[in-house]
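>>> Output the structure for:
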Amino acid sequence: MPEIVAPAFTNAIALLLVSFLLLPAPTAAILIPTDYLALQSIRKSLYDLPGSFYFASWDFTADPCTFPGVLCRNDRVVALALGDPRAGSPGLSGQLSPALGRLPALAELSLVPGRVSGAIPSSISLCSSLRFLALSRNMLSGTIPPSIASLAHLRVIDIGYNFLSGTIPPLLTRLPSLSTLILSGNRLTGPIPTFAPNSPLVRLDLQRNRLSGPIPVSLPTSLHYLSLSFNQLSGRIDHILPSLRRLTFLDLSSNSFSGPIPGSIFTLPISSLRLQRNYFSGDLHPSVPVRIPYIDLSFNRLGGRVPAALSDAEWLYLDYNRFIGEVPTVFVDRILKGEMRLLYLQHNFLTGMAIGPPSNVPMITSLCLQYNCMVPPVQTACPARAGLQKTRPAEQCPKWGKV
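Have a look, this model is predicted:
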């Protein structure tokens, strides 16, 4: 299954277009001078990259409310989409002007992916009506202005994939209306701040930073999407995740989490469960048949028998663990029927799998059994990471291979 990459900017633009539709129809008016001058300053600080023509029609001898990306209501600018949002646009360069803070009625601010650099102006906090902020996939640097946390109406913050550093402002996660927080792909350090008890947050994406410490116990129970992968987070998750009953996507991969994986996690309405490359240990005990299509638990320290309850997964990665015993026959049935697209069991201590000749394995299925306490019953193509050795050395098997 191809890697799922969250389309942060695409989602942001979609949300912005929806919000535009929800705004009342603009009425004819003359833009007030402060907003007019603010737009001029914003224009002077930004430039079209070669191949972009976004500013070509920003002619200040005309009404600025007719400019591409500018939406007015009465005599104020209420939405500003900087750059051409069409696919393939090279975006803008330059810096964000502090003059953005002179647009007090601004409710929507977005910036297409490009090469805009410099700091996020702290003056944005003066846009007291701001509900939507999307500045992802540029070259913004410096810290996240703590003053953003004073914008009580903010619903969406997407400033992912920039060069932002420092810590996440503690009050940012306590904004009362915030439903989407995307800070992924930056250089943020320190802990994840605590959340307000009644936070309405639905999407939290902090992947690919340098965050450390445990997951806060106050994660909002409203969460549907949680991605914390590729950080330096640690601790146990068994006292946190069971309360997140609405999760549909969970990615905690490439951290230093430890302890058991709670059985209740397999009852969540998740479509993709990614816990690989951590230090999870112990046996797996799903309480019911698991209906999660994509499960990756590879590169951990999980042991015991492979649970038959996991056989309904279409993509299942259990490689590089400490599983023992025979592979349940229900996995064989699913593979031979072409109902499993991938089953990786290499680098465990398994002792057998009752499967016939490799010709019986459907072409659409990837099966790898290398480096266990058995001669692989079928010789199927394995990924390069499985190595060349077919069977684990005998001296490693008595302790782990016996049932």
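
>>> Past the longest strand along the chain, which element shows up next along the chain?
Scanning the chain for the longest strand, with DSSP state E as the assignment, gives strand 76-82. Sequence-wise, the next helix or strand beyond strand 76-82 is strand 92-95, with elements assigned using DSSP states H and E.

>>> Which neighbouring elements make contact with that next one?
Other elements packing on strand 92-95 under the criterion 3 or more CB pairs under 8 Å, 6 or more residues apart in numbering; DSSP states H and E are strand 46-48, strand 115-118. In short, each C-beta sits where N, CA and C put it, glycine included.

>>> Pretty sure Ile124 sits against Ile148.
Yes - with contacts defined as CB atoms under 8 Å, Ile124 counts as touching Ile148 at a distance of 6.4 Å.

>>> what sits in contact with each of the two?
Leu133 (CB atoms under 8 Å, 6 or more residues apart in numbering).

>>> Please identify the most buried of the helices and strands packed on strand 92-95.
When neighbours are counted by mean count of other CB atoms under 10 Å, the highest per-stretch mean among the helices and strands packed on strand 92-95 falls to strand 46-48, a mean of 19.

>>> So which elements touch it?
Based on contacts counted as 3+ CB pairs under 8 Å, 6+ apart, the elements that strand 46-48 packs against are strand 92-95.

>>> Could you check how far the strand it packs on is from the centre of its chain?
Between the mean C-alpha point of strand 92-95 and the mean C-alpha point of its chain there is a distance of 26 Å (CA atoms, centre = their mean, to the nearest Å).

>>> List the strands paired with it, with their directions.
Looking at strand 92-95 with DSSP bridges, its paired strands and their directions are strand 46-48 (antiparallel), strand 115-118 (parallel).

>>> Can you tell me what sits against it?
By CB under 8 Å, 6+ apart, the residues outside strand 92-95 that reach it are 45-49, 52, 54, 82-83, 111-112, 114-119.

>>> Ser271 - how many residues pack around it?
Around Ser271 sit 14 other residues, with neighbours defined as other CB atoms under 10 Å.

>>> Please list all residues in contact with it.
Counting by CB under 8 Å, 6+ apart, Ser271 makes contact with Thr248, Phe249, Ile292, Pro293, Tyr294.

>>> Pairing partners for the longest strand of the chain, with directions?
Next to strand 76-82 in the sheet, as set by DSSP bridges, lie strand 70-73 (antiparallel), strand 108-111 (parallel).

>>> wait, which of those is closest to Ser184?
Closest of the strands paired with strand 76-82 to Ser184 is strand 108-111, at 16.1 Å (criterion: CB to CB).

>>> how far out from the middle of the chain is that closest one?
In terms of CA atoms, centre = their mean, the centre of strand 108-111 is found 20 Å from the chain centre.

>>> picking up where we left off before, turn the strands paired with strand 92-95 into CSV, columns for distance to Gly190 and mean pLDDT.
Supplementary listing: the strands paired with strand 92-95 in CSV, determined by distance: least, CB to CB, whole Å; pLDDT from 0 to 100:
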stretch, distance to Gly190, mean pLDDT
strand 46-48, 31, 97
strand 115-118, 23, 98
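
>>> for these, which one sits closest to Leu181?
Among those, strand 115-118 comes nearest to Leu181, with 20.7 Å by CB to CB.

>>> contacting residues around the closest one?
When contacts are defined by CB under 8 Å, 6+ apart, strand 115-118 is touched by residues 46, 49, 91-96, 135, 138-142.

>>> ok, and for stretch 276-288, which residues are buried?
Across stretch 276-288, burial judged by 16 or more other CB atoms under 10 Å covers Gln276, Arg277, Asn278, Phe280, Gly282, Leu284, Pro286.

>>> Let me fix that, I meant to ask about stretch 235-255.
236-238, 240-241, 244, 247, 249-255.

>>> how long is it from one end to the other?
According to CA to CA, to the nearest Å, stretch 235-255 extends 10 Å from its N-terminal end residue to its C-terminal end residue.

>>> chain center to that stretch: distance?
Taking CA atoms, centre = their mean, one finds stretch 235-255 lying 13 Å from the centre of the chain it belongs to.

>>> ok, back up a step: need the helices and strands packed on strand 92-95 in TSV (columns: distance to Leu219).
Formatted as TSV, the entries for those read as follows, by distance: least, CB to CB, whole Å:
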stretch	distance to Leu219
strand 46-48	37
strand 115-118	32
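
>>> what sits against Asn186?
Asn186 sits next to Ile159, Gly160, Tyr161, Asn162, Phe163, Leu164, Ser165, Arg208, Asn209 when contact means CB under 8 Å, 6+ apart.

>>> I'd say the first one and Met139 touch.
Meaning Ile159. No - look at Ile159 against Met139 with CB under 8 Å: they stay out of range, at 11.9 Å.

>>> if you count what's nearby, which of the two comes out ahead?
Per other CB under 10 Å, whichever of Ile159 and Met139 has more neighbours is Ile159, with 25 against 14.

>>> Now Val330: phi and psi?
Here the main-chain torsion angles of Val330 (degrees, to the nearest 10) amount to phi -60, psi -30.

>>> Give the closest residue to it in space, chain neighbours not counted.
With sequence-adjacent residues excluded and distances taken as CB to CB, 6 or more residues apart in numbering, Val330 is closest to Ser311, at 4.5 Å.

>>> Tell me how far the one you found lies from Thr66.
Ser311 sits 60 Å away from Thr66 when distances are taken as CB to CB, to the nearest Å.

>>> These two: who's more crowded?
Ser311 (22 against 11).

>>> In contact with Leu183, which residues are there?
For Leu183, the contacting residues are Ile144, Ile157, Ile159, Gly160, Leu164, Ile168, Asp205, Leu206, Asn209, by CB under 8 Å, 6+ apart.
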